Each structure stands twice: as C-alpha cells, then as structure tokens.
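*Asks:* Provide a 3D model corresponding to the input given below.
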Amino acid sequence: MATVERIAYTHPSPIVDAKLETITWCEGVKGQTVYIPQIFWRDSTPWREANMWVIWQITRGSKKVETAHSAIGHLRAFAAWLEENGMTWTHFPEREDQRCLTIYRGHLIRQRDTEQLMPSTVSARMTAVLRFYRWVMGNGLIVADQPLWKDKSVLVQLDQKYGMRRSVLVTSSELSIPNSRANLLTLEGGVLPVSVEVSQRIVSFASRHGSPEIALLLRTGFGTGMRVGTVLSLRERTVERAAPHPSFRGWFTIAVGPTGAVPVDTKFGRSGEILVPGAAIEALRGYIRSPRRLLRMALAKAEDRDLIFLTKSGRPFGNNSSKSMAMNTQISRLRKKASDIGESCLVGFNFHRARATFGTELAKAALKHGGITFAIWLVKSALMHKSEKDTIRYIKFVQSISILEETSDQFSHEFFGMLP
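*Replies:* This next block holds a predicted model:
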C-alpha cells in the first residue's frame, strides 16, 4: 500500500553579490529546512509528480507545510485505491465511465453514503486530487488526447465585513463532490457531538481494547476539546508549566501556540491558553513518568524526546500537522473491534467529535450558570476560536437540541397519552 514519508528539505536561498554581479544559492545556514511529506508506492518507488507538486506549493510560499500534509494525505488515499484496483493514475480511456477519476469519485460517494467517511472529508479528498491533476496538466506532466473532465464557471457570492458582498467567478469540475449533509445541526468541521454516556463508553472501550496512548488521547480530547494537532504536539514542559486557573477550581491552563516558551501546534498559528481539568493533567503526568513512555523516549530523536505521544519506534504520533497515521490507524482498529463484538459507541466516530462533545457540554453548563454572553466568551476562549461565528454555532446547537428535546417530550406525552 502507498505510504507517506517525511524528508528534510532545505529550500535554497539566494545570496546576491552586487559588486561581482553574481548570485549564489545557499542551502546551508541561511537555507530554511522543512520536513515535507512525500508519497511512495507499494514497491517503494516515489510518486514523483505528486511529490513535485507538494514541494512546489511550499517553496513558492502559497501553502503551509500543514496544508501540504493534508493534501498529500488525500493523495495517498487515492494512490492506495489505485494500487488496490490495479489501476494507474494516468488511466484515461475514451469512455468516461472507465477513467480512474470517474471510478474513484463513485468510490468516495459510496464511502460517504455508508458513513465510512465524513461528507467534508469526501469533498476535500476529491478537491485535492483534482487540484493535483490541474497542476500536472498545466505543467505538461501529463498529456491526454481528450479533456479529462468538463469544467464550468460558477458565480459565488461572498459575505465580507460590514455587510458588504462581492461576486467571484470560480471554476468548478463536474467531478467535484459537494459537501452536503442532511443534518443541519452540525458544528465546526460538519461533525456532531456524542452524549456524555457514549463518550464514557468510548474511553472505556479504548482502555480495554486499545493501547494506553489511544485511550489517553481520547480522554484528553473529550476532557479539553483540543484539536488533534494540538494534542499530538504536547510536550513534557507544556504539562509541567500547567498553572491552576484563578477562577475555576479544579481546572488548569496550559499555554499553546508558536509564541509560547514551549511551542505547541494550533490551527492558524494562534497563541493562547487552554482550559484543562485537573484529572487530565494528572493522567498526562502519570503517563509521562511511565516506563512504557520512557522506553519510547529513549528511541526518539533528540528533538522529539520531549513529545508526550510517541510511537513504539520513538517517532512522533503527529507529523507537524493535524493528520496522524498512527492515531487514525488505532482508531480504525478500535472501530473494527467494536463492530465485531456488536458495540455501537464507535460507529461513525472520529477524533474531532471529541472536541465537539467538549464544546457542547461546556456551552450547556455556561448557558445554565452564566447566560449567553458568558457562554460565548467561555466557549470561544476554551476552544480558541478565531471567530465568534464558530462559537455561536455551539450556542445555537445547544439551544436547538434543548428545544427539540422539550418538543419531543411534550409530543410523546400528548400522543401516547391518547392511546388506550
């Protein structure tokens, strides 16, 4: 199966000598080294075109390394599907229904309809694949006798600040998959929370049937609402510097973001403090001191030894991105195990739903004890939202669910009360 490996890439920087009128390309101290994901086929040969596309995006400054990880993850899934079906990425016969992209699109839609993948993931995966093909065609790396698909122009209305709107003409492909979902009551990322009872069953199941690492990751996700990339980049010193919250008894704060004394990955590179319950701090500290983690730390590189979550080979669970092959693999195994024994708590579950669950429960408590203004402030701070727009979705979600529950109870009472 196709895999993704990271390479240390030093982007050359020019040194201009005005007197000699020369330009020297430096790859040493002045060159910036980044770890770039690269795809390798089952036979260990690189997918050169895809790897060139990733490097091109990063070196020209248009994409962050985290974005490149996301795109290469989608392409790796496409490459694995190609190998599984014995097809090449240049398979474009005259009949459209036999082309690799057309068949792959149908495969993704089936995964969405059977709830194997989230609608947002399916849409993003197809978009990444199409972007790659547009790039290779634009650079003459693939030549086809006929168009690979049909494009159409769509006028999109965008809302700007202060109520202003503008129209943008964008190009859309017939192979694109819209991010549509029947359930309108969703939170950031298009996900739904789980109940407290289900979250406890998930953590308990992971403790019995999974590794200590995945169980602790899930406990931390449900207990703090941190995103995947943030949890996976936590370090020993991050937890050591945890400080008791001055107002909320039993809670601590930890500093995250690129500007902190101990840098921790966050979305959009935002810096701030995250609320963490005391029980989560104690669980993390206990694992840090455990012989199991100390053995993993001994195998890690010097720059990774401070990371809390390491694989058994000493590698980071996360690769400077929100994607973690190690964690995703373990969650997939848990879902399969749960399915095999008839446990339903992990059906359709992914890590981001732990964040949605924390945010929902926090919003419920804040609305009950402090009102809507306090709830918006608390949830926005705890989840480190860039905009109040995402925060308000949590508030509206909680209010809508409360109304639906009351309506349902009233309907059941009145309807079934009429039955003999």
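*Asks:* Now for the chain: which helix has the highest residue count?
*Replies:* Scanning the chain for the longest helix, with DSSP state H as the assignment, gives helix 352-383.
*Asks:* tell me what that helix is packed against?
*Replies:* Judged by 3 or more CB pairs under 8 Å, 6 or more residues apart in numbering; DSSP states H and E, helix 352-383 is in contact with helix 196-209, helix 212-224, strand 272-277, helix 388-416. All C-beta spots, glycine's among them, are computed from the backbone N, C-alpha and C.
*Asks:* Show residues contacting the following helix or strand past the third one.
*Replies:* Spelled out, that is strand 272-277. Remark: after strand 272-277, the chain's next helix or strand is helix 278-288, criterion DSSP states H and E. Outside helix 278-288, the residues that touch it by CB atoms under 8 Å, 6 or more residues apart in numbering are 212, 216, 219-220, 223-224, 234, 236, 239, 242, 250-252, 293, 308.
*Asks:* Please identify which helix or strand holds Ile5.
*Replies:* To be clear, residue 5 is Glu; Ile isn't right here. Of the helices and strands defined by DSSP H and E, Glu5 is found in strand 3-11.
*Asks:* which parts of that strand are buried?
*Replies:* If you call a residue buried by 16 or more other CB atoms under 10 Å, then strand 3-11 has these buried ones: 4, 6, 9.
*Asks:* With respect to per-residue confidence, which of those residues is lowest?
*Replies:* Across the set of the buried residues of strand 3-11, Tyr9 stands lowest in pLDDT, at 76.
*Asks:* so how far is stretch 372-391 off the chain centroid?
*Replies:* On the basis of CA atoms, centre = their mean, to the nearest Å, the separation between the geometric centre of stretch 372-391 and that of its chain is 20 Å.
*Asks:* Put the alpha carbons of it into CSV.
*Replies:* Written as CSV, here are the backbone C-alpha positions of stretch 372-391 (Å, rounded to 0.1, in the frame of the first residue of the first chain):
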residue,chain,number,x,y,z
ILE,A,372,-25.4,33.6,26.7
THR,A,373,-22.7,36.4,26.9
PHE,A,374,-20.7,34.3,29.4
ALA,A,375,-21.2,31.2,27.3
ILE,A,376,-19.9,32.8,24.1
TRP,A,377,-16.8,34.2,26.0
LEU,A,378,-16.0,30.9,27.7
VAL,A,379,-16.5,28.6,24.7
LYS,A,380,-14.6,30.9,22.4
SER,A,381,-11.7,31.1,24.9
ALA,A,382,-11.6,27.4,25.7
LEU,A,383,-11.8,26.2,22.1
MET,A,384,-9.6,29.1,20.8
HIS,A,385,-11.9,30.0,18.0
LYS,A,386,-10.6,32.6,15.6
SER,A,387,-14.1,34.0,15.1
GLU,A,388,-17.2,34.1,17.3
LYS,A,389,-19.1,32.6,14.3
ASP,A,390,-17.9,29.1,15.2
THR,A,391,-18.7,29.8,18.9
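*Asks:* Show which residues not belonging to that stretch make contact with it.
*Replies:* 187-188, 225, 256, 266-268, 270, 272-275, 355, 358-359, 362-363, 366-367, 370, 392, 394-395.
*Asks:* what angle do the longest helix of the chain and helix 196-209 make?
*Replies:* Orientation of helix 352-383 against helix 196-209 (axes from the mean of the first three to the mean of the last three CA atoms, to 10 degrees) gives an angle of 120 degrees.
*Asks:* any idea of the mean pLDDT for helix 352-383?
*Replies:* The predicted model gives helix 352-383 an average pLDDT of 92.
*Asks:* by how many degrees do it and helix 212-224 diverge?
*Replies:* Helix 352-383 and helix 212-224 meet at an angle of 50 degrees, taking the same axes, to 10 degrees as the criterion.
*Asks:* In helix 352-383, which of the residues would be classed as buried?
*Replies:* Going by 16+ other CB under 10 Å, helix 352-383 has these buried residues: 352-364, 366-367, 375-376, 378-380, 382-383.
*Asks:* try stretch 294-307
*Replies:* 296-297, 300, 307.
*Asks:* Show residues contacting that stretch.
*Replies:* Surrounding stretch 294-307, the residues in contact under the criterion CB under 8 Å, 6+ apart are 232-237, 262, 310-317.
*Asks:* so is Phe252 in a helix, a strand, or just coil?
*Replies:* When states are read from DSSP: H, G, I helix; E, B strand; the rest coil, the local structure at Phe252 comes out as strand.
*Asks:* Next one: it from Gly189, what distance?
*Replies:* Relative to Gly189, Phe252 is positioned 26 Å away (criterion: CB to CB, to the nearest Å).
*Asks:* Likewise for Arg305?
*Replies:* If you measure Arg305 against Gly189 using CB to CB, the figure is 32 Å.
*Asks:* What of Val379?
*Replies:* Using CB to CB, one obtains 15 Å as the distance from Val379 to Gly189.
*Asks:* What lies in contact with stretch 117-135?
*Replies:* Contacts made with stretch 117-135 from outside it, assessed by CB under 8 Å, 6+ apart, are listed as 49-50, 53, 56, 70-71, 74-75, 77-78, 101, 104-105, 108-109, 111-112, 142, 148-149, 173, 175-181, 189-191, 350.
*Asks:* ChimeraX command for the buried members of the residues you listed?
*Replies:* The following ChimeraX command selects only the buried members of the contacts of stretch 117-135, with burial defined by 16+ other CB under 10 Å:
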select :49,50,53,70,71,74,75,77,78,101,104,105,108,111,112,148,149,173,175,176,177,179,189,190,191,350
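*Asks:* So which of the contacts of stretch 117-135 belong to strands?
*Replies:* Assigned to strands by DSSP state E, the following of these qualify: Ser173.
*Asks:* So which of the contacts of stretch 117-135 sit within helices?
*Replies:* 49-50, 53, 56, 70-71, 74-75, 77-78, 101, 104-105, 108-109, 111-112.
*Asks:* mind giving me the domain split of this protein?
*Replies:* 3-148, 188-357, 359-416 (automatic domain parsing).
*Asks:* ok, and which of those has the densest surroundings?
*Replies:* Among the domains of the chain, domain 188-357 has the highest mean neighbour count (mean count of other CB atoms under 10 Å), at a mean of 18.
*Asks:* Start and end of it, how far apart?
*Replies:* Length of domain 188-357, first residue to last, CA to CA, to the nearest Å: 11 Å.
*Asks:* Please compute how far it lies from its chain's middle.
*Replies:* 13 Å.
*Asks:* Then stretch 360-374?
*Replies:* So, by CA atoms, centre = their mean, the centroid of stretch 360-374 is 26 Å from its chain's centroid.
*Asks:* Isn't Val198 up against Cys345?
*Replies:* Yes. With contact defined as CB atoms under 8 Å, Val198 and Cys345 form a contacting pair (5.2 Å).
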